[in-house]
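S.K.: Give the three-dimensional model of this entry:
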Amino acid sequence: MKSQKLLFGFMPSSLVWGYIAIAIFMAGDGFEAAFLSKFITDMGFSEAQSGLVFTIYGLMVAISAWCSGVVAEIITPQKAMFIGFILWSVMHVCFMIFGIGMGSYPLMVICYGIRGFGYPLFLYSFVILIIQNVDKSKVSTAMGWFWAAYSIGFGVLGGFLPGYINPIIGEYNTLWMALGWVVVGGLISLIALRNVKTDISKEKLSLKKKTEELSRAITILFSNKHIFMSALVRIINTTPIFGFAVVMPWLLVGKNVTDHGLGFTKTEWQNIWTVFMFVTIFTNVMWGILGDYIGWLRQARWFGCIGGAIACFLFYYIPITFGHNYWMVMIPAVLFGFTVAAFVPMTAVFAALEPHHQGAAISIYNLSAGLSNFVGPGIATIMVPLFGIIGAIWCYVGLYIFAAILTLFIKVDQPR
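M.R.: A predicted model of the protein is given here:
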């Protein structure tokens, strides 16, 4: 099933439009990332209520992400992507009409939460296509391009455009605009990926065998300790990203019971967020290539974990020290963009640890990535009322140090 047709020697040529679809789809999904938490509090809800919306959403993302790898194998990645696309679109409409539109907090939680099932099915099913079509020695590089496409969409387009669109059409209408981007990305994937090679052997399995394969996405955590430790590292990888999307607007823009805003405008914060994500476009590709030479886990340990701990520390203490200094806050944003991308080879680690059950291994990878959507805001929801924003920041720093220690105990054979 592996195809050696690689554009420029590293990008799978048959999947190019898939990368483009990911970028466009995730742009729509990322429209609200930098302003929705503040928008909800501006509606009159508390920060704890706003944090809970994201926490429930993150939990649903984690469940969907866990299922996506095996589901993509047993029904084909293309079908799984279609289901994710439709689910996201329908529930976003419900969230806008019945949640935000009616000002109903319970419906906001329910609709936004269910919408969380959509994007992981779309996003991570594409990872299975990559695994099935790329030689294992090039998986890290191909995944670097995958996360670059994600960054272009979720971070750059999804972060940059709302900062300039919001003042013109308002945040509510900006949220509606997100639907258009998702629809375009979804349609591109349906058309462009329909003939891409995929392993259909598991699609023909009996219902009993498919159930067994799905259950392996749980049991593999207990049967392979290296998968378990790798899962913890992958959770920690992007936990601060989703945590910062919640807490940093409170610190930089608004006021709350524990901290005072530092005078930044919403547009300034969204530009800082965009710069961070813009940097990851290039660093995802860079670390994807370097990981095949430096060593997957060595790179994640020193540049991802230790570097990430330093970046989190500076992301809080630089604005606290220098106040409303737009360009100084760009420094930790750029540094964080370098460090968070150093975990790109973790996909290759998971696949190499379970070469005969790659769908189950990638499901655990996806679960871990999804859990960071839950853990990041969850830490903010718990820590900020108790210890302030500084408590949440130090929690993120501590997690990165813990992840660095874990990488010392993971054993994986890297091709080369």
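
S.K.: what are the phi and psi angles of Met102?
M.R.: Main-chain dihedrals, Met102, degrees, to the nearest 10: phi -90, psi 0.

S.K.: so where do the strands sit in the stretch 101-250 of the chain?
M.R.: Counting by DSSP state E, counting those that start in this stretch, the stretch 101-250 of the chain has no strands at all.

S.K.: oh sorry, the question was meant for the stretch 301-416 of the chain
M.R.: So, for the stretch 301-416 of the chain - with DSSP E, counting those that start in this stretch - there are no strands.

S.K.: Quick check: which ranges of it have low pLDDT?
M.R.: 415-416 (pLDDT under 70).

S.K.: Quick check: pLDDT value at Pro249.
M.R.: Per-residue confidence at Pro249 stands at 87 (pLDDT).

S.K.: Next, the contact list for it, please.
M.R.: Contact partners of Pro249, counting by CB atoms under 8 Å, 6 or more residues apart in numbering, are Ala34, Phe35, Ser37, Lys38, Lys266, Trp269. Every residue, glycine included, has its C-beta placed from N, CA and C.

S.K.: any idea how far Val139 is from it?
M.R.: Counting by CB to CB, to the nearest Å, the separation of Pro249 from Val139 is 36 Å.

S.K.: Over to Ser189?
M.R.: For Ser189 relative to Val139 (CB to CB), the value is 20 Å.

S.K.: returning to that earlier point: what's the closest of the contacts of Pro249 to Thr347?
M.R.: The nearest member of the contacts of Pro249 to Thr347, counting by CB to CB, is Ala34 at 26.0 Å.

S.K.: ok, which stretches of the stretch 51-200 of the chain are helices?
M.R.: 77-94, 105-115, 118-133, 139-150, 158-169, 171-192 (DSSP state H, counting those that start in this stretch).

S.K.: which helices and strands sit right next to the last one?
M.R.: If I follow you right, that is helix 171-192. With contacts taken as 3 or more CB pairs under 8 Å, 6 or more residues apart in numbering; DSSP states H and E, helix 171-192 sits against helix 16-30, helix 77-94, helix 118-133, helix 158-169.

S.K.: Alpha carbons of the last one, in PDB - could you do that?
M.R.: Pointing back at helix 158-169 there. Written as PDB, here are the backbone C-alpha positions of helix 158-169 (Å, rounded to 0.1, in the frame of the first residue of the first chain):
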ATOM      1  CA  GLY A 158      -8.100  31.000  11.600                       C
ATOM      2  CA  GLY A 159      -6.300  33.300  13.900                       C
ATOM      3  CA  PHE A 160      -5.400  36.300  11.600                       C
ATOM      4  CA  LEU A 161      -8.600  36.800   9.700                       C
ATOM      5  CA  PRO A 162     -11.000  37.100  12.700                       C
ATOM      6  CA  GLY A 163      -8.800  39.900  14.200                       C
ATOM      7  CA  TYR A 164      -9.700  42.100  11.200                       C
ATOM      8  CA  ILE A 165     -13.100  40.700  10.400                       C
ATOM      9  CA  ASN A 166     -14.500  41.000  13.900                       C
ATOM     10  CA  PRO A 167     -14.400  44.800  14.000                       C
ATOM     11  CA  ILE A 168     -16.200  45.000  10.700                       C
ATOM     12  CA  ILE A 169     -19.000  42.400  10.900                       C
END
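
S.K.: other SSEs contacting it?
M.R.: Applying 3+ CB pairs under 8 Å, 6+ apart, we find helix 158-169 packed against helix 16-30, helix 171-192, helix 266-294.

S.K.: What are the buried residues along that helix?
M.R.: Applying a neighbour-count criterion of 16 or more other CB atoms under 10 Å, the buried positions in helix 158-169 are Gly158, Gly159, Phe160, Leu161, Pro162, Gly163, Asn166.

S.K.: any idea which of those is closest to Ala27?
M.R.: Of the buried residues of helix 158-169, the one sitting nearest to Ala27 (CB to CB) turns out to be Gly158, at 4.7 Å.

S.K.: so who does that closest one touch?
M.R.: Counting by CB under 8 Å, 6+ apart, Gly158 makes contact with Met26, Ala27, Gly28, Asp29, Gly30, Phe31, Ala33, Ala178, Met277.

S.K.: Any of the residues you listed buried? List them.
M.R.: When the contacts of Gly158 are checked for burial by 16+ other CB under 10 Å, the buried set is Met26, Ala27, Gly28, Asp29, Gly30, Phe31, Ala33, Ala178, Met277.

S.K.: Quick check, central residue of the protein?
M.R.: Taking CA atoms, centre = their mean, the centroid of the chain lies closest to Ala369, which sits 6.2 Å from it.

S.K.: if I look at that one, how far off is Leu399?
M.R.: 15 Å.

S.K.: And Phe98, how far from Ser137?
M.R.: Using CB to CB, Phe98 is found at 49 Å from Ser137.

S.K.: Out of the two, name the residue with the larger neighbour count.
M.R.: Counted by other CB atoms under 10 Å, Phe98 and Ser137 do not tie: Phe98 has more neighbours, with 15 against 12.

S.K.: just checking, that one touches Ser104?
M.R.: Yes - between Phe98 and Ser104 there is a contact under CB atoms under 8 Å: 6.4 Å.

S.K.: What about the residue nearest to Asp29 when sequence neighbours are not counted, how many residues nearby?
M.R.: Once flanking residues are discounted, Asp29 sits nearest to Tyr119: 5.0 Å by CB to CB, 6 or more residues apart in numbering. Look at Tyr119: counted by other CB under 10 Å, it has 26 neighbours.

S.K.: What pLDDT is listed against Tyr119?
M.R.: 93.

S.K.: Quick check: it touching Trp88?
M.R.: Yes - here Tyr119 lies in contact with Trp88, judged by CB under 8 Å, at a distance of 5.7 Å.

S.K.: which residues are common contacts for these two?
M.R.: Residues touching both Tyr119 and Trp88 (CB under 8 Å, 6+ apart): Asp29.

S.K.: Much appreciated, bye for now.
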